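In: quick one, structure for this:
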Amino acid sequence: MAQTAPFERKDVLGLLDSLFKERIAFIDGAMGTQIQKYKLTEADFRGDIYPNHPHELKGNNDVLVLTKPTVIEEIHMAYLTAGADIIETNTFNGTWISQADYQLQDDIEVERINKAAAQLAKRCTLKYMAENPGTYKFVAGAVGPTNKTLSVSPSVENPAFRGITYDEVVDAYYKQVAALYDGG
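Out: Down below sits the predicted model:
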């Protein structure tokens, strides 16, 4: 049976406002350094989902929400247990721009990663709140920078050239945030 939140999505801003007026809220810490402690292999990053993927996936921490969700859950739960009020989804590189480095830039892959990350983080907060009645925990969608820049040319020979357009960056962030929202 799925757990339900002790509050509605529409109530989140009010609850956060109350928390911020009461005390300093704590957000989780770095996900990447916590993942490194697990010393995961290429096979861990591929899991059962991407055994024959044509590109190396090691280092694509975002894909672990699909291939090694227990690792990400352990990290989320550790931060919640340590006192974090807000945990971030494991989606720092969740745009199609960043996922292109691993040949996972297709919309379906980006949606699957971001949606699964939001669902996983939400499950962790629900589990924590069920085990600790009267507490409120929240999920924030992590949206990191891309590996492309709009302000500097990647070509020394052509300073006006840009490796990506503004509209492409907007599209990438829109798709990521829409999937995070759909995930919970």
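
In: Gly94: what's it in contact with?
Out: Counting by CB atoms under 8 Å, 6 or more residues apart in numbering, Gly94 makes contact with 62, 110, 113-114, 117, 142-144, 176, 179-180. To be clear about C-beta, it is placed using only N, CA and C from the backbone, and glycine gets the same treatment.

In: keeping just the C-alphas, turn stretch 82-96 into PDB.
Out: What follows is stretch 82-96, C-alpha atoms only, in PDB (Å, rounded to 0.1, in the frame of the first residue of the first chain):
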ATOM      1  CA  ALA A  82      20.800  13.400  10.100                       C
ATOM      2  CA  GLY A  83      18.200  16.100  10.300                       C
ATOM      3  CA  ALA A  84      17.700  17.400   6.700                       C
ATOM      4  CA  ASP A  85      14.300  19.000   6.300                       C
ATOM      5  CA  ILE A  86      14.600  19.000   2.500                       C
ATOM      6  CA  ILE A  87      16.300  16.400   0.300                       C
ATOM      7  CA  GLU A  88      17.100  17.000  -3.300                       C
ATOM      8  CA  THR A  89      16.400  14.700  -6.100                       C
ATOM      9  CA  ASN A  90      19.400  13.000  -7.600                       C
ATOM     10  CA  THR A  91      19.000  14.900 -10.900                       C
ATOM     11  CA  PHE A  92      21.900  17.500 -10.900                       C
ATOM     12  CA  ASN A  93      22.600  16.400 -14.500                       C
ATOM     13  CA  GLY A  94      19.100  15.600 -15.500                       C
ATOM     14  CA  THR A  95      18.700  17.700 -18.600                       C
ATOM     15  CA  TRP A  96      19.000  16.200 -22.100                       C
END
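
In: can you tell me the SS state at the residue located most distally from the centre of the chain?
Out: Relative to the centre of the chain, and counting by CA atoms, centre = their mean, the farthest-placed residue is Glu157 at 36.3 Å. Three-state call for Glu157 (DSSP: H, G, I helix; E, B strand; the rest coil): coil.
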